[in-house]
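J.: using only what follows, build the 3D model:
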Amino acid sequence: KVGSEDFLFNLEALCFAKKVYAVNDACYYYDLRFGSLTQKYRESLPKQYVSLYRSFMIFIENSHVRNKHIDEFQNMFLWQLIFGTCFPNEYRKTENHSVADGRVRVKEICGMNEVQTIARKQLKTAKKPKRILYLLAFIFKQEWIFFRIFVGKKKNS
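T.: Modelled structure (predicted):
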């Protein structure tokens, strides 16, 4: 099971769409009550997203959609799913997960083959210094940079 099957279906459907209409309205709301899924540490999240990534790449390879979707999806995988979702999840302190545990896991996530491959690919075309720094942090597994971004600023404010 991949998890996020609805997400995978939406990605595949968008690849074949001739037109897409975007609305500015928030049509989906998260329930942020105590104990909800969005408030819990999710250990399997990185593996789930890698599985999603692999499934989508298989779909791309076996279909006749344009290759431009590969770059778009890899960008989304690295920056939204890994950086934007997995890292905050890892740096979250819960009763069964410490920030120290998260620091170890972030380093492991940086070392994942898919993350390394995409970061190295994106580094070749990156232009903004901040983006280059983050890509190098992924490649060389410099977790302390991500720790500073997600945890360090909170302690200093």
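
J.: got a list of what L8 touches?
T.: Contacts of L8 were listed using C-beta atoms under 8 Å, 6 or more residues apart in numbering, and they are V2, L52, S55, F56, F59. For the C-beta atoms, the positions are set from N, CA and C on the backbone; glycine is no exception.

J.: just the pLDDT for it.
T.: In this model, L8 is scored at 74, pLDDT.

J.: got it, and Y41?
T.: 92.

J.: same check, this time on C15
T.: We have a pLDDT of 77 for C15.

J.: quickly note the distance from F7 to L136.
T.: 29 Å (C-beta to C-beta, to the nearest Å).

J.: output the contacting helices and strands for the one helix or strand M57 maps to.
T.: Using DSSP states H and E, M57 sits within helix 45-62. The contact analysis (3 or more C-beta pairs under 8 Å, 6 or more residues apart in numbering; DSSP states H and E) places helix 45-62 against helix 5-16, helix 68-76, helix 99-110, helix 113-123.

J.: in TSV: those helices, plus distance to Y91.
T.: TSV is the format used below for the helices and strands packed on helix 45-62 (distance: least, C-beta to C-beta, whole Å):
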stretch	distance to Y91
helix 5-16	23
helix 68-76	21
helix 99-110	5
helix 113-123	17
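
J.: do you know which of the ones you listed lies nearest C27?
T.: C27 lies closest, by C-beta to C-beta, to one member of the helices and strands packed on helix 45-62: helix 5-16, at 13.2 Å.
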